[in-house]
Structures are given as structure tokens and as C-alpha cells.
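Asker: Any chance you can model this:
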Amino acid sequence: LTRPGGNAREAIIRCYARFERSLALAETRRPPWQTATEFMRTALKALPLEPADVVSLTRLFEVARFSRHPLGEDERDAAWEALVSIRKSLAERTDDAPGR
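Answerer: Residues are numbered from 1 along each chain as shown. Predicted structure coming up:
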């Protein structure tokens, strides 16, 4: 997993796309009709994830994708840290699966 650099807005959107792919691998997929907030709720119900990480990444994505609010290194780093934490939770879930 490589930390995204460059433009903060684009990096946050890439982090969110990785989040969606990671959850899809955990068999929690976002249907095309579902908003980011709806998907956040679905993910939190379906998987043992830290709510603060999922909320943070979702909110940053919404700002990056749908607003003109200025974003910088702090927001980019926060998105990255949330993604890393989410992926760690998913890996722990896999490691704890029966038969492993």
C-alpha cells in the first residue's frame, strides 16, 4: 500500500476508492445507487471497523468530491491514516477467521 502524494483532493478520492475495493474484498460492496454516507452506514453494520476511521474517510471524500473547500496535507494525511486503520481492521478480521 503506497501513500498517495500530490494533489490532496485527488489523493483523498484515491484513498476512498481503495476503501471501497478493500470492503468489496471483504464482501461488502457499494451498489451504484448508494451514496457515500449510506455505504458508510452499511459498512459499519456489516464489518467490525472503527467508526471514527470510516466516518473521517467518508467525510473527507465527500468534501474532496463534491465541494470546492480547500484541502491540504492535513486532510490528505488524515484520509491515508483512516484507510490504513480500516485495512488493518479488515486484515485482523481475516486473521481471526475460523480455520486460520
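
Asker: For the rest of this, base every contact and every neighbour count on C-alpha atoms.
Answerer: Will do.

Asker: could you give the mean pLDDT of the top helix by length along the chain?
Answerer: Criterion DSSP state H: the longest helix present in the chain is helix 73-95. For helix 73-95, mean pLDDT rounds to 92.

Asker: can you check stretch 11-23 too?
Answerer: Averaged across stretch 11-23, the pLDDT comes to 97.

Asker: buried ones in that stretch?
Answerer: 11-16, 19-20, 22-23 (16 or more other CA atoms under 10 Å).

Asker: now swap in stretch 52-68 and tell me
Answerer: So, applying 16+ other CA under 10 Å, buried residues of stretch 52-68: 53-64.

Asker: Make JSON lines from the residues you listed and add secondary structure to it.
Answerer: Shown next, in JSON lines, are those (DSSP: H, G, I helix; E, B strand; the rest coil):
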{"residue": "D53", "secondary structure": "helix"}
{"residue": "V54", "secondary structure": "helix"}
{"residue": "V55", "secondary structure": "helix"}
{"residue": "S56", "secondary structure": "helix"}
{"residue": "L57", "secondary structure": "helix"}
{"residue": "T58", "secondary structure": "helix"}
{"residue": "R59", "secondary structure": "helix"}
{"residue": "L60", "secondary structure": "helix"}
{"residue": "F61", "secondary structure": "helix"}
{"residue": "E62", "secondary structure": "helix"}
{"residue": "V63", "secondary structure": "helix"}
{"residue": "A64", "secondary structure": "helix"}
